[in-house]
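Engineer: Provide a 3D model corresponding to the input given below.
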Amino acid sequence: MSAAAVMQQASRGRSVPRLNGSLLGALGFFLLVMVVILVGPLLLPSPTHQDLGNILAPPSSSAWLGTDQLGRDVLARTLAGMRLDLLVGVAALVVPVLVGSLLGALAAWRGGWVDEVVGIAADVVQAFPYYLFILVLAFFLGAGVASIFVAVAAVAWVSYMRIVRAEVHSAMHQDYVQAAVGAGFSGGRVLLRHILPNVFKQPLAYAVTDVVVVIVSTATLSYLGVGVTPPTPELGSMVADGQQFVTLRPLLTIAPGLAVVLIGAALALLGNGLSRQLDES
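Structural biologist: From the prediction side, this is the model:
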């Protein structure tokens, strides 16, 4: 088989099928949430602006969800917190997706001691409960977004490693891979140009729903005081700050809590739609 034929066969898995209804609906919902998050703050006061003469105000035309204990607009802070948590959730997964995928591909392709070492490292990480491991790392590293990135990266790579390792193991027995090897292509070229482009869509689909886990982890760490530091608006810290006023102004805790649920629902539906799309492709 010629090299051109091998390339054509290897690229078949990269063709874009017609989007199904579930994915289209999920995309529409997710884009609507994104528009609210991005456009809403442009129409509202600064989320850090304090009006000490208007603290704990009830909802009104000037502050749709009222103000907090420092006179800050609750809606503005909620939308800013949604934007921040979503950004942190996506950015924190870049390293574990790339590192985990590469380790999984190498473990499957090389086998032997490489596969064994990677597998042992993954088992060690998974021996600890997910949230406990992240909490311990975050407490050790101190508060801040950088600590969240390090803590998530130290844990989340395992899932992507296992997904890609299984996919590469399966792809190694496919005809297009055998043809590429038979054509004399190097192992690195076969792995990077033929196998990974066809298997990488699986970890990407998983990453969409995994963002929800990172967002919840970020909110949890901030709620405990080891996440995003004040005065930056963050959903978990907003819930913690509003607890002492829950009987007087319940929206201080309800609004950020519902915001987490809204982002989680949008991403979960999008991930489910992507999974169905992959099953049909």
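Engineer: Sketch out the low-pLDDT regions of the stretch 101-250 of the chain for me.
Structural biologist: Residue ranges of the stretch 101-250 of the chain with pLDDT under 70: 184, 186-188.
Engineer: Residue 189 and residue 226, how far apart?
Structural biologist: Shown here: residue 189 relative to residue 226, a distance of 44 Å by Cβ to Cβ, to the nearest Å. The way it works is simple: take the backbone N, C-alpha and C, and place the C-beta from them, glycine included.
Engineer: Also residue 241?
Structural biologist: Distance, residue 241 to residue 226, by Cβ to Cβ: 15 Å.
Engineer: and what of residue 38?
Structural biologist: As defined by Cβ to Cβ, residue 38 lies at a distance of 28 Å from residue 226.
Engineer: Equivalent analysis for residue 244, please.
Structural biologist: Separation of residue 244 from residue 226 (Cβ to Cβ) stands at 20 Å.
Engineer: Kindly report the same for residue 146.
Structural biologist: Using Cβ to Cβ, residue 146 is found at 12 Å from residue 226.
Engineer: coming back round to it: residue 189 and residue 226 - which one has more neighbours?
Structural biologist: Neighbour totals were compared for residue 189 and residue 226, and residue 226 leads with 22 against 11 (other Cβ atoms under 10 Å).
Engineer: what about that one, which SS state?
Structural biologist: Three-state call for residue 226 (DSSP: H, G, I helix; E, B strand; the rest coil): coil.
Engineer: I figured it hits residue 140, correct?
Structural biologist: No - with contact defined as Cβ atoms under 8 Å, residue 226 and residue 140 do not form a contacting pair (9.5 Å).
Engineer: Which residue ranges of the stretch 51-200 of the chain form helices?
Structural biologist: 74-91, 94-110, 112-126, 130-141, 145-171, 175-182, 187-189, 196-199 (DSSP state H, counting those that start in this stretch).
Engineer: Need the winner for burial among these.
Structural biologist: Highest mean neighbour count among those (mean count of other Cβ atoms under 10 Å): helix 74-91, with a mean of 23.
Engineer: which residues touch it?
Structural biologist: 36-38, 40-41, 44-47, 63-68, 145, 148-149, 211-212, 214-215, 218-219, 228, 232-235, 238, 251-252, 255-256, 259-260, 262-263 (Cβ atoms under 8 Å, 6 or more residues apart in numbering).
Engineer: These in strands, which ones?
Structural biologist: The strands, defined by DSSP state E, take in nothing from those.
Engineer: sorry, back to before: residue 59: which of the helices of the stretch 51-200 of the chain is closest?
Structural biologist: Closest to residue 59 of those is helix 74-91 (Cβ to Cβ; 8.5 Å).
Engineer: CA atoms only for that closest one - export them in CSV, please.
Structural biologist: This file holds the C-alpha atoms of helix 74-91, laid out as CSV (Å, rounded to 0.1, in the frame of the first residue of the first chain):
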residue,chain,number,x,y,z
VAL,A,74,-24.9,40.3,43.7
LEU,A,75,-25.8,39.6,40.1
ALA,A,76,-22.6,41.2,38.8
ARG,A,77,-20.5,39.2,41.2
THR,A,78,-22.4,36.0,40.3
LEU,A,79,-21.8,36.4,36.6
ALA,A,80,-18.2,37.4,37.2
GLY,A,81,-17.8,34.3,39.4
MET,A,82,-19.3,32.1,36.7
ARG,A,83,-16.9,33.4,34.1
LEU,A,84,-13.9,33.0,36.4
ASP,A,85,-14.8,29.4,37.5
LEU,A,86,-15.4,28.4,33.9
LEU,A,87,-12.1,29.8,32.8
VAL,A,88,-10.3,28.1,35.7
GLY,A,89,-12.1,24.9,34.9
VAL,A,90,-11.0,24.9,31.3
ALA,A,91,-7.5,26.2,31.8
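Engineer: Let me know the angle separating it from helix 145-171.
Structural biologist: Relative orientation of helix 74-91 versus helix 145-171 (axes from the mean of the first three to the mean of the last three Cα atoms, to 10 degrees): 40 degrees.
Engineer: list the contacts for residue 101?
Structural biologist: Contact analysis of residue 101 by Cβ under 8 Å, 6+ apart lists 160-161, 163-164, 196, 200, 203.
Engineer: Go again with 10 Å.
Structural biologist: By Cβ atoms under 10 Å, 6 or more residues apart in numbering, the residues touching residue 101 are 157, 160-161, 163-165, 167-168, 196, 199-200, 202-204, 207.
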